[in-house]
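Enquirer: Need coordinates for the below:
(one chain, ligands or ions: 2)
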Amino acid sequence: MDNSQEINYMRYIIGILAKKLLEKNKKIGDYQINNVCGIGSNGIVLDVTSLKNGNKYALKILNVSYYIIKKFNLNKKIYKEELANNLNDIENNIRNGNYYLASGDKDVYKNIKSDEELNSFLREYNSLKTLKSNKYCVNLVDYGFLNNNDGYIFPYIVMPYFDGVKLTEYINKKTNSTADFIDMLNIIEKIIKIIKYIHSKKIIHRDLHLENFLYNEENEKIILIDFGTAIYNCDFSVDTVGEIRGSRRLMSPEQFKNPSETCYFSDYYFLGSNLFYMLTKKYPYSQNRKIETQPNDIMKFLNYKVFNQRDIYDKIVYLINSLMAYNLLNRLKDLNEIEKIIFEIKSMLIKNKLDR
Ligand SMILES: Nc1ncnc2c1ncn2[C@@H]1O[C@H](COP(=O)(O)OP(=O)(O)OP(=O)(O)O)[C@@H](O)[C@H]1O
Ligand SMILES: [Mg+2]
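Expert: Ligands and ions are numbered 1, 2, ... in the order given. Purely as a prediction, here's the structure:
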């Protein structure tokens, strides 16, 4: 797949809408808008200041992709194609349009008619509201609803603002040097700690790809964001039947088959697929994977010569393959055991570096 096909048209359109909204809106609820700090494939994230306490927060407006699909009468199944084919028209329509958001009261969410849109809010809200401020992930500070001028209701959530870059951005700069391998394993260890934390709070995240971690290079802190796919307390009633959200290039086979049949172990799968990506900069699956598709073979992408030592290579391949076993029953399921193997690989890499 070439780069041009990889362009995310929805994100592009949401970016244009975000600019337009900012021209009209200087504040949302009790928050003054400073800037756009992120565009997702479903939401707009704003950097805001609370008018009540002066603190800076991140405010995420949800369901923007659903709005675009409705507003421009796109066919849900092939909206990416339709967006690509009508990009100029839709873009001009937004640029020339008059968009503003007005805060609605908290009860308006009862008026959100579609399950899909309500579920999208509830997944994020149900998970985040159970968390207190912590060092592993965002939590819910506030939430509300916005009515735009064509009557659409957007939920929004407010969370702590984190100063950092997407982990993908940081990882993409990493090379095949031993120091970089060790650094990437350190990051996987931090991700394991985050998984342990959210699982202890009964949250399955289901979208643990590197785009959903923010990394601060100065203090080396990592936090997990984007609970739009998450499930609290195994309540799968907030899944919309037939809808697959999350990164299909990385998710477990059971999640791809049926998101409502996932479990805590499905989150571990992302450890293997992220490690696969970190070491090869290639994804284990393509975007057009099918239910029966097996992941790419790590040995085809990762050359043993980069490690100078065959036993290091073998252990890494073993780790990735056991984390990504197609069948849940055969998968490595003990996080302490996984941490132990990572520690052993790191020790071997350090020793190998010293010996040279
Ligand atoms: N708490 C935060 N602090 C700072 N920036 C944030 C925060 N939360 C989100 N962002 C920024 O906004 C971007 C989009 O956020 P998020 O992933 O939650 O949106 P999304 O629409 O659910 O994304 P997608 O569906 O594409 O994964 C992030 O990549 C990040 O750059
Ligand atoms: Mg995201």
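
Enquirer: contacts and neighbour counts: CA atoms only from here.
Expert: OK.

Enquirer: residues from the chain in reach of ligand 1?
Expert: Contact residues, the chain versus ligand 1 (Cα under 6 Å from any ligand atom): 37-43, 45, 58, 159-163, 211-212, 225-226, 228.

Enquirer: Try it again at 5 Å.
Expert: Within reach of ligand 1 by Cα under 5 Å from any ligand atom, the chain has these residues: 38, 39, 40, 41, 42, 43, 45, 58, 161, 162, 226.

Enquirer: Just read off the phi/psi values of the first one.
Expert: Torsion angles at residue 38 (phi, psi; degrees, to the nearest 10) stand at phi -170, psi 150.

Enquirer: Okay, and the beta partners of residue 31?
Expert: Per DSSP bridges, the residues bridged to residue 31 are residue 28, residue 50.

Enquirer: Filter the residues of the chain next to ligand 1 down to the buried ones, PyMOL style.
Expert: Typed into PyMOL, the line below selects the buried ones among the residues of the chain next to ligand 1, using 16 or more other Cα atoms under 10 Å:
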select buried, resi 39+40+41+42+43+45+58+161+162+226
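
Enquirer: among the residues of the chain next to ligand 1, which are in strands?
Expert: The members of the residues of the chain next to ligand 1 that map onto strands under DSSP state E are 38, 39, 45, 58.

Enquirer: partner residues bridging residue 232?
Expert: residue 203.

Enquirer: close enough to count as contact, it and residue 204?
Expert: Yes. With contact defined as Cα atoms under 8 Å, residue 232 counts as touching residue 204 (6.7 Å).

Enquirer: Can you give me the distance of residue 92 to residue 184?
Expert: Relative to residue 184, residue 92 is positioned 43 Å away (Cα to Cα, to the nearest Å).

Enquirer: Near residue 182, how many other residues are there?
Expert: Neighbourhood size, residue 182 [other Cα atoms under 10 Å]: 18.

Enquirer: what do you get for the one 5 residues further on?
Expert: Around residue 187 sit 19 other residues, with neighbours defined as other Cα under 10 Å.

Enquirer: tell me the mean pLDDT for the helix or strand containing it?
Expert: Applying DSSP states H and E as the criterion places residue 187 in helix 178-200. Average pLDDT, helix 178-200: 97.

Enquirer: Can you list the buried residues in that helix?
Expert: Across helix 178-200, burial judged by 16+ other Cα under 10 Å covers 178, 180-182, 184-185, 187-192, 194-199.

Enquirer: With respect to ligand 1, which of the ones in strands among the residues of the chain next to ligand 1 is nearest?
Expert: The nearest member of these to ligand 1, counting by Cα to the nearest ligand atom, is residue 38 at 3.3 Å.

Enquirer: Need the pLDDT of the residue nearest to that closest one when sequence neighbours are not counted.
Expert: Spatial nearest neighbour of residue 38, excluding adjacent residues (Cα to Cα, 6 or more residues apart in numbering): residue 45 at 4.8 Å. Here, the pLDDT recorded for residue 45 equals 98.

Enquirer: Give me the spatial nearest neighbour of residue 326, chain neighbours excluded.
Expert: residue 253 is the one closest to residue 326 (Cα to Cα, 6+ apart), at 6.4 Å.

Enquirer: my guess is that neighbour meets residue 291, correct?
Expert: Yes. If you go by Cα under 8 Å, residue 253 and residue 291 touch, sitting 6.9 Å apart.

Enquirer: out of the two, which sits in the busier spot?
Expert: More neighbours surround residue 253 than the other of residue 253 and residue 291, with 24 against 12 (other Cα under 10 Å).

Enquirer: show me where the stretch 201-350 of the chain has strands.
Expert: All strands of the stretch 201-350 of the chain, identified by DSSP state E, counting those that start in this stretch, fall at 203-204, 213-216, 221-224, 231-232.
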